[in-house]
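Asker: Requesting a structural model of the entry that follows:
(4 chains)
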There are 2 protein chains.
Amino acid sequence: MSKRPPISRGELEVARAVWGLGEATVGQVYDALAERKDIDYSTVQTYLRRLEAKGYLKTRRQGRNKLYCPRVAAGQVVREAINDLVERLFDGEPLALWQHLIQERGITVEETRQLRQLLEQWEAEQDDR
Amino acid sequence: MSKRPPISRGELEVARAVWGLGEATVGQVYDALAERKDIDYSTVQTYLRRLEAKGYLKTRRQGRNKLYCPRVAAGQVVREAINDLVERLFDGEPLALWQHLIQERGITVEETRQLRQLLEQWEAEQDDR
DNA sequence: TAGATTAACGTACAACTGTACTGATACGCA
DNA sequence: TGCGTATCAGTACAGTTGTACGTTAATCTA
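Answerer: The predicted structure is shown next:
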């Protein structure tokens, strides 16, 4: 479980763009991000470089271009980020997170419905084992 | 909504200790934290100082001692931290977080039960309005 | 009351973050 | 084939973060 350096909040966002694209050049990642927020091309480039250095992404050369793609699965990184938060904020107790999400933050009726559905789906899957 | 500087991961942990104590000296916060992890007294002190500077905590003097206590409610900070994560990781879509928590991370049968209970409780409260 | 303990305060310092500029190339097109 | 445009590699740089030391003043204790 080679401990990678922790991923920062900003890096997380850039990494997400790469996950979404699968494999992409700086320019493509930039385009994807620039749609949602004001960010500089060079900034994206730096993030990608660092993500590679930290071991979250790997690169492959395609002629003149460099293609960035995940080296650690998205789910893995997301899981770690959430675990970290749960650890620091809720003593590692996931139920406390649920509780916060429902009570403190509030969820809509629609979300309640969808959540129930997710739960049922999950249970059904469990039964299949 | 006076924008405070963002709270860092480490700071979050220290802030949580203060929330738990209500009002405490560096020493008390240190004791609370040292139970769970190896950390230096001075480090705690620095965190507290910064949390005050950032506006998350305030202090009051009690004779020779300095008492730190929340200036921003715990729930508020936790909400912000989670919103931030959801924003960066799930496009601001909370359902995606639920989904990840259930499917990707997996929850136990017991948690499923408790989660249902939380949902019912929440719905009951909603009806009371 | 002298030494041990505690808290405050100031300072340090390398690593990490967010944000970006620059110069050298390579590529596509008029 | 020369020019604008996208890339890349390197560098910058202030602010933040994690971690901590040293000095001083007040407090407790034998």
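Asker: And for the residue in chain A that DNA strand C sits nearest to, the neighbour number?
Answerer: As assessed by C-beta to the nearest atom of the strand, DNA strand C sits closest to A:G10 within chain A, at 2.8 Å. C-beta: built from backbone N, CA, C; applies to glycine. A:G10: 14 surrounding residues under other C-beta atoms under 10 Å in any protein chain shown.
Asker: A:D38 too?
Answerer: For A:D38, using other C-beta under 10 Å, the count is 7.
Asker: and it, which of the three is it?
Answerer: coil (DSSP: H, G, I helix; E, B strand; the rest coil).
Asker: same question, A:L95
Answerer: helix.
Asker: Return the residues of chain A in contact with DNA strand D.
Answerer: A:T25, A:V26, A:G27, A:Q28, A:Y30, A:Y41, A:S42, A:Q45, A:T46, A:R64, A:N65, A:K66 (C-beta under 7 Å from any atom of the strand).
Asker: could you dump the residues you listed to a markdown table with distance to chain B, secondary structure and pLDDT?
Answerer: A markdown table is the format used below for the residues of chain A next to DNA strand D (distance: C-beta to the nearest C-beta, whole Å; DSSP: H, G, I helix; E, B strand; the rest coil; pLDDT from 0 to 100):
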| residue | distance to chain B | secondary structure | pLDDT |
| --- | --- | --- | --- |
| A:T25 | 22 | coil | 95 |
| A:V26 | 19 | helix | 96 |
| A:G27 | 21 | helix | 95 |
| A:Q28 | 18 | helix | 96 |
| A:Y30 | 17 | helix | 96 |
| A:Y41 | 20 | helix | 96 |
| A:S42 | 20 | helix | 96 |
| A:Q45 | 19 | helix | 97 |
| A:T46 | 17 | helix | 97 |
| A:R64 | 31 | coil | 86 |
| A:N65 | 27 | strand | 91 |
| A:K66 | 24 | strand | 94 |
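Asker: The residue of chain A closest to DNA strand C and A:Y47 touch, don't they?
Answerer: Yes - when contacts are counted by C-beta atoms under 8 Å, A:G10 is listed as touching A:Y47 (6.5 Å).
Asker: Look at A:T25 and say how many residues are nearby.
Answerer: Neighbours of A:T25 (other C-beta under 10 Å): 17.
Asker: ok, now which ones touch the closest residue in space to A:P5 that isn't next to it in sequence?
Answerer: Distances taken as C-beta to C-beta, 6 or more residues apart in numbering or on different chains place A:K54 nearest to A:P5, at 4.8 Å, with adjacent residues excluded. By C-beta atoms under 8 Å, 6 or more residues apart in numbering or on different chains, the contact list for A:K54 reads A:R4, A:P5, A:I7, A:E11.
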